[in-house]
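Novice: Need coordinates for the below:
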Amino acid sequence: MEPVEPEGIRPVVASALAAMWPVPYNEARLTWREVRLADVRSIVHVARRQRLDSAEELLQLYRGAQTAPYVPVRLVGQGERSFLVPPVAEEHGTHLVLIDGVHRLLAAHRAGIRHVRLFVVSGELPTPPGDVCALGDIGLSSEHRPPEMMFRNLRPEVFRRVGDAGGLEAAVRRELRRRPGEGT
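Specialist: Residues are numbered from 1 along each chain as shown. Coordinates of the predicted model:
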């Protein structure tokens with residue numbers, strides 16, 4: 001696990017977000033901040049147990065490497081190098097609403113961590129596309145649940161679905177390939 005300077009990767013993450021969802025992220029600002037987990041909210045109300053288990057293992061990797069969760073890192077394994085994008089949240093008043101990293105921050109919350117650093121999107125953003133809840137209020141399921149069970153009062157017309165393109169991690173990898181040598 002090799003830490004990466006957050007300010008070095010910030011423009012790449014910002015471009016990846018804008019490529020995935022030009023509106024609203026083309027005009028938004030992305031900053032690296034320390035936040036209180038008590039201020040973080042999620043539109044996901046039911047998380048998958050298997051993904052939480054993986055997130056808890058990842059948290060242990062950070063701790064074993066004596067690296068603060070969830071700074072951006074390069075992971076090296078089986079001859080491959082990959083990049084782990086930190087969680088990303090949108091700023092909505094006094095709360096931050098996660099757009100990526102629910103399971104990781106839920107793992108941190110369950111481990112008693114009170115503050116983490118993550119990327120925060122701010123600017124003129126639409127309201128969250130569904131009801132939000134505190135991390136401690138997220139339920140767990142051992143199976144994949146349909147959207148109507150994972151979210152509450154979801155407004156599909158404004159929901160920025162990740163889709164099948166691999167999510168933010170994949171979008172950042174595409175940006176890194178497009179910008180060799182930048183960020184990492």
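Novice: immediately after the helix or strand bottoming out on mean pLDDT in the chain, which helix or strand?
Specialist: Scoring the helices and strands of the chain by mean pLDDT, DSSP states H and E places helix 147-150 at the bottom, with a mean of 60. Downstream of helix 147-150, the first helix or strand assigned by DSSP states H and E is helix 167-178.
Novice: can you pull out the strands in the chain?
Specialist: Using DSSP state E, the strands of the chain run over 2-3, 29-36, 40-42, 46-48, 73-77, 80-84, 88-92, 95-100, 115-122, 133-134, 139-141.
Novice: which of those strands sits most buried?
Specialist: strand 40-42 (a mean of 24; mean count of other Cβ atoms under 10 Å). In this view, the C-beta of every residue, glycine as well, is placed from N, C-alpha and C.
Novice: How about residues contacting that strand?
Specialist: Outside strand 40-42, the residues that touch it by Cβ atoms under 8 Å, 6 or more residues apart in numbering are 89, 92, 95-98, 102, 105-106, 128, 132-135, 138.
Novice: residues near Pro11, how many?
Specialist: Pro11 is flanked by 14 other residues according to other Cβ atoms under 10 Å.
Novice: ok, it to Phe119 distance?
Specialist: Taking Cβ to Cβ, to the nearest Å as the measure, Pro11 falls 11 Å from Phe119.
Novice: low-confidence ranges in the chain?
Specialist: The chain contains residues with pLDDT under 70 at 77-81, 129, 143-166, 181-184.
Novice: same thing but 50
Specialist: Flagging of the chain using pLDDT under 50 yields the residue ranges 164.
Novice: returning to that earlier point: which member of the contacts of strand 40-42 is positioned nearest Leu17?
Specialist: The shortest approach to Leu17 among the contacts of strand 40-42 belongs to Ala89, at 11.8 Å (Cβ to Cβ).
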